[in-house]
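Student: Just the structure for this:
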Amino acid sequence: MTEKKPPSKQTQRSNLATVTQTPTKEMRLFDPEQKENFTTEFRNYEDDAWYTVMVTIEDNATLRVRFEKFTDDVDQLFEPSFFGSLEDLHDFEKRFRPLSVQVQDYECGMLVPDVKVCASRHFDTDDLRFYDAVVDSVRHFSF
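Tutor: Numbers count the residues shown, from 1 in each chain. Below you'll find the model as predicted:
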């Protein structure tokens, strides 16, 4: 099986908003503070971590995946040619899911073994990634 490479990255940056110009000269403005459209998670090809994203279609053909809290230079563009087969398209579709509900501190005591959770790991101060995990065991501590 051939490993898929991430798609190309193409955007321009302005001080107020991201401006994307498509070959049809259509302009779209994207406000980075607009949170309501970031309701999907995407499992990135580069590190297999889940990220909160917004998905848009440009030029009726190119799919843009915008990563929340990241600059536009990490946006991923998927051209139709990226999908060589129907299987490629189905595999791509499995990389998306609804936004995960985060477990709050007060809910940790309710976790039990074999429950699937979304866990995070800091790789350094600016590198936080999220992964699916299964709870192996639960230890209760009193403070």
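
Student: Please look at residue 96 and residue 44 and confirm they touch.
Tutor: No. Look at residue 96 against residue 44 with C-beta atoms under 8 Å: they stay out of range, at 11.4 Å. In short, each C-beta sits where N, CA and C put it, glycine included.

Student: Which stretches in the chain count as helices?
Tutor: 86-93 (DSSP state H).

Student: can you list the domains in it?
Tutor: For the chain, the structural domains run 12-98, 101-143, going by automatic domain parsing.

Student: Kindly compare burial across the ones you listed and name the winner.
Tutor: Compared across the domains of the chain, domain 12-98 shows the largest average neighbour count, a mean of 13 (mean count of other C-beta atoms under 10 Å).

Student: Tell me how far that domain lies from the chain's centre.
Tutor: 8 Å (C-alpha atoms, centre = their mean, to the nearest Å).

Student: Quick check: the gap between the closest residue to residue 138 other than its chain neighbours and residue 136.
Tutor: The spatially closest residue to residue 138, leaving aside those adjacent along the chain, is residue 111, at 5.5 Å (C-beta to C-beta, 6 or more residues apart in numbering). The spacing between residue 111 and residue 136, counted by C-beta to C-beta, to the nearest Å, is 11 Å.

Student: And for residue 110?
Tutor: Residue 110 is 16 Å from residue 136, by C-beta to C-beta.

Student: so how far is stretch 86-102 off the chain centroid?
Tutor: For stretch 86-102 - counting by C-alpha atoms, centre = their mean - the centre lies 10 Å from the chain centre.

Student: got the contact list for it?
Tutor: Contact partners of stretch 86-102, identified using C-beta atoms under 8 Å, 6 or more residues apart in numbering, comprise 4, 38-43, 45, 50, 52, 55, 78, 82-83, 118, 130.

Student: Mind pulling up the pLDDT for residue 67?
Tutor: On pLDDT, residue 67 comes in at 94.

Student: nope, residue 101 is what I meant
Tutor: Among the per-residue scores, residue 101 holds a pLDDT of 75.

Student: if you go through this protein in chain order, where are the strands?
Tutor: 12-13, 18-21, 27-30, 40-43, 50-58, 62-67, 76-78, 96-98, 116-124, 127-134 (DSSP state E).
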